[in-house]
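Asker: Using only what follows, build the 3D model:
(one chain, ligands or ions: 1)
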Amino acid sequence: MPDRYAVIGNPIAHSKSPAIHAEFARQTGQALEYGRILGNPEDFAGDVRRFIADGGLGLNITVPFKEQAWELADERSQRAEIAGAVNTLIRLEDGRLRGDNTDGVGLVRDLRQNHGFEFAGTRVLLLGAGGATRGVLLPLLETGLRQLVIANRTASKALALAALGAPLGPLTGCGLDALAGERFDLIINATSAGLANAVPSIPDDCLSERGWTYDMLYGDAPTAFCRWGQDRGAARALDGLGMLVEQAAESFWLWRGVRPETSTVIKQRRGLS
Ligand code: ATR
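Answerer: Numbering: from 1, shown residues only. Presented below is the predicted three-dimensional model:
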């Protein structure tokens, strides 16, 4: 029987992870099976334990279980610790579960490797202070950027996250209304505003000339925040498809010790090949 992995969430039917991992496995010649599990909100731990008891070697975790996966993990990486959420569970040799979070690495790798963004010396604005922001905090702080500012509609949440992350790097927090007069080389949207086709209200001129924008969401058409960037002359206005594929690649690497090639998978998902 091939080695078994799966993604667990609720809902789960829409998940692209099985197709992405099947492509990684084909490309790298790894014999594995990757399924999807509709998690029971009342018994997430039971679902995980059953999968592992049946021989499963690892899981990806998606909404709404990432925090429960964090609690369930027997040990955690530092980036998962800070994220307060786990999107990858790895069964260790002794049967214990290690929790990791590959979202931040996925974001940074997409920007840096796939698109050539140079973080060194930059001022980066991260919009939102929910789970999506927390999930990428540590990898962003480790890029060599000059300053990371978390700005949120509810300022207190941005200040709380900044207090958590400040010992780890050059981080501050504020409300969206405190951004007047500020300029950033990169603005990352980690709010859920795009789900309602909206953008956070930030000053038009807080994107520096030749600045980049990045929306963690993605869709078939440009997202609302991509359009915001395009309309304000962003040098690049990127969406989160590359991050999705890169976080999957990092999980694959954690499980298999092999790095898949991501660019063809990103193109396939974009419908370009
Ligand atoms: P996620 O796990 O996706 O981060 P979340 O924890 O519910 O989801 O957080 C959603 C984030 O999007 C919050 O930072 C929220 O701002 P508030 O804390 O002020 O609620 C932000 N958000 C959602 N809709 C928004 C909008 N229309 N404008 C600005 N920020 C918005």
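Asker: Who are the contact partners of the residue in the stretch 1-150 of the chain that the ligand sits nearest to?
Answerer: Nearest residue of the stretch 1-150 of the chain to the ligand (Cβ to the nearest ligand atom) works out as Gly130 at 2.1 Å. Placement of C-beta: from N, CA and C, glycine included. Neighbouring residues of Gly130 by Cβ atoms under 8 Å, 6 or more residues apart in numbering: Lys157, Ala190, Thr191, Ser192.
Asker: separation between it and Gly84?
Answerer: Computed as Cβ to Cβ, to the nearest Å, the Gly130 to Gly84 distance reads 11 Å.
Asker: Do you know the pLDDT at Gly271?
Answerer: pLDDT recorded at Gly271 is 86.
Asker: Phi first, then psi, for it.
Answerer: When read as degrees, to the nearest 10, the backbone of Gly271 gives phi 80, psi 30.
Asker: burial count for it?
Answerer: Using other Cβ atoms under 10 Å, Gly271 has 7 neighbouring residues.
Asker: Any chance of the backbone angles for the residue of the stretch 1-150 of the chain closest to the ligand?
Answerer: phi -100, psi -160.
Asker: centroid residue for this protein?
Answerer: Asp103 (2.8 Å; Cα atoms, centre = their mean).
Asker: For that residue, which non-adjacent residue is closest in space?
Answerer: Gly135 (4.2 Å; Cβ to Cβ, 6 or more residues apart in numbering).
Asker: host element of that neighbour?
Answerer: Per DSSP states H and E, Gly135 falls inside helix 131-141.
Asker: Output the contacting helices and strands for that helix.
Answerer: Contacts defined by 3 or more Cβ pairs under 8 Å, 6 or more residues apart in numbering; DSSP states H and E place helix 131-141 against helix 66-72, helix 78-83, helix 103-109, strand 123-127, strand 147-152, helix 155-165.
Asker: how near is Val105 to Ala132?
Answerer: Distance from Val105 to Ala132, by Cβ to Cβ: 14 Å.
Asker: Revised request: answer the last question for Ala6.
Answerer: From Ala6 to Ala132 the distance is 23 Å (Cβ to Cβ).
Asker: Kindly report the same for Gly229.
Answerer: 18 Å.
Asker: of these two, who's got more company?
Answerer: Neighbours per residue, other Cβ under 10 Å: of Gly229 and Ala132, the larger number sits with Gly229, 25 against 22.
Asker: Now do the buried residues in the helix or strand hosting that one.
Answerer: Here Gly229 sits within helix 224-231, counting by DSSP H and E. Under the neighbour-count criterion of 16 or more other Cβ atoms under 10 Å, helix 224-231 has Ala224, Phe225, Cys226, Arg227, Trp228, Gly229 buried.
Asker: circling back to that earlier point, can you list the contacts of Gly130 in TSV and add pLDDT?
Answerer: Output for the contacts of Gly130, formatted as TSV (pLDDT from 0 to 100):
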residue	pLDDT
Lys157	98
Ala190	98
Thr191	98
Ser192	96
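Asker: ok, and of those residues, which contact the ligand?
Answerer: When Cβ under 6 Å from any ligand atom is applied, the members of these adjacent to the ligand are Lys157, Thr191, Ser192.
Asker: By neighbours, which of those residues wins?
Answerer: Thr191 (25 neighbours).
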